[in-house]
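*Asks:* Quick one: sequence plus predicted model below, questions after.
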Amino acid sequence: MKYCTKCNVGVNSQHQNCPLCGSYLARKTDEKYQSYKQIDDKIRHPVVTVKPKINFLQHKFSKLMLAVSVLCLLLDWIATPNGNWAGYVIFASFFVCCCITWPIAVRWKIQRQIRVDLLIVTLLAVAFELYVTRFNFEWLTVTQILPWVYVAGIVLVDFLIIFRRYQDVGLFSTLVYATVFAALPQIAVWIAGAFGIQLEHTLKISIIAIVAVINLIVVLTVCTRSLKEEMDRKLHL
């Protein structure tokens, strides 16, 4: 017989953890629990076999998209070796699988999906420009595309905070995460300038970064109570 020191109950010796609280079990050697030793030896727990359910979005659809991407790549290489259309298909397939079907299949909450999507879209956009320009990076994604993606993410999180801040925990940390991404293009411009790379039309990048920070400050100020409740639940303050 084993014993849980937290629940103060005796547990069958075949268990490694307490079925009530999950804590590790200790051996109980006093006479009270010695009488249960014979019962422990005669009890055998049934073996339960769980057949995993194959999720179409998580497995079959991803394999289908992979097959389509490989087929398009082969056709592009054979028929149009100087074309880039297969790259569009491949990056679109990665986006659909990683940003749409995968989060739906694993049932992520919207705030976690936004954080993952921002990272994946950033990596895919940079990789796509490198592919199209044959590694002659022209900074178009950094100056023209990604800032507006981050603005869309911030606006979406703002709406979720307005209507669902009491239901969804993690929206404020997601807003901080999106604001950091909104400042990345401006940081990239500064780094490029330090290496002598001059980029045009960078004023809107600075404006987007400043407005994102101001938006973060305003939201955190207005929703102080909700922010405190989220910090209490997440950090147990």
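*Replies:* That came through fine. Numbering: from 1, shown residues only.
*Asks:* Domain-wise, how is this structure divided?
*Replies:* Residue ranges for the domains of the chain, per automatic domain parsing: 2-42, 138-235.
*Asks:* among those domains, which is the most enclosed?
*Replies:* When you average the neighbours per residue for each of those (mean count of other C-beta atoms under 10 Å), domain 138-235 leads with a mean of 16. In short, each C-beta sits where N, CA and C put it, glycine included.
*Asks:* Let me see the mean pLDDT of that domain.
*Replies:* Along domain 138-235, the predicted local confidence has a mean pLDDT of 85.
*Asks:* just how off-centre is that domain within its chain?
*Replies:* 16 Å (C-alpha atoms, centre = their mean, to the nearest Å).
*Asks:* and what of stretch 4-20?
*Replies:* Centroid separation between stretch 4-20 and its chain, computed with C-alpha atoms, centre = their mean, is 35 Å.
*Asks:* Could you find the closest non-adjacent residue to Val121?
*Replies:* Distances taken as C-beta to C-beta, 6 or more residues apart in numbering place Val149 nearest to Val121, at 5.7 Å, with adjacent residues excluded.
*Asks:* hmm, who's touching the strand or helix carrying that neighbour?
*Replies:* In the assignment (DSSP states H and E), Val149 maps to helix 146-164. Here helix 146-164 makes contact (C-beta atoms under 8 Å, 6 or more residues apart in numbering) with 110-111, 114, 117-118, 121-122, 125, 168, 171-172, 174-175, 178-179, 181-182, 184-185, 204-205, 208, 212, 215, 219, 223, 226.
*Asks:* Just the C-alphas of stretch 64-82, formatted as CSV.
*Replies:* Only the C-alpha atoms of stretch 64-82 are listed here, as CSV (Å, rounded to 0.1, in the frame of the first residue of the first chain):
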residue,chain,number,x,y,z
LEU,A,64,-2.4,16.2,-49.7
MET,A,65,-0.9,19.8,-49.7
LEU,A,66,2.6,18.4,-49.6
ALA,A,67,1.9,16.1,-52.6
VAL,A,68,0.4,19.1,-54.5
SER,A,69,3.5,21.2,-53.7
VAL,A,70,5.9,18.5,-54.9
LEU,A,71,3.9,18.0,-58.1
CYS,A,72,3.9,21.7,-58.9
LEU,A,73,7.6,21.9,-58.2
LEU,A,74,8.3,19.1,-60.7
LEU,A,75,6.0,20.6,-63.3
ASP,A,76,7.7,24.0,-62.9
TRP,A,77,11.1,22.5,-63.1
ILE,A,78,10.2,20.5,-66.3
ALA,A,79,7.9,22.8,-68.2
THR,A,80,8.9,26.3,-67.0
PRO,A,81,12.4,26.1,-65.5
ASN,A,82,12.7,29.9,-65.3
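*Asks:* mind checking how far Thr133 is from Lys204?
*Replies:* With distances taken as C-beta to C-beta, to the nearest Å, Thr133 is found 22 Å from Lys204.
*Asks:* separation between the residue nearest the centre of the chain and Gly193?
*Replies:* Centroid-nearest residue in the chain: Val116, 3.5 Å away (criterion: C-alpha atoms, centre = their mean). Shown here: Val116 relative to Gly193, a distance of 30 Å by C-beta to C-beta.
*Asks:* Please, where are all the strands along the chain?
*Replies:* Using DSSP state E, the strands assigned to the chain run over residues 2-4, 9-11, 26-27.
*Asks:* Good, we can wrap up now.
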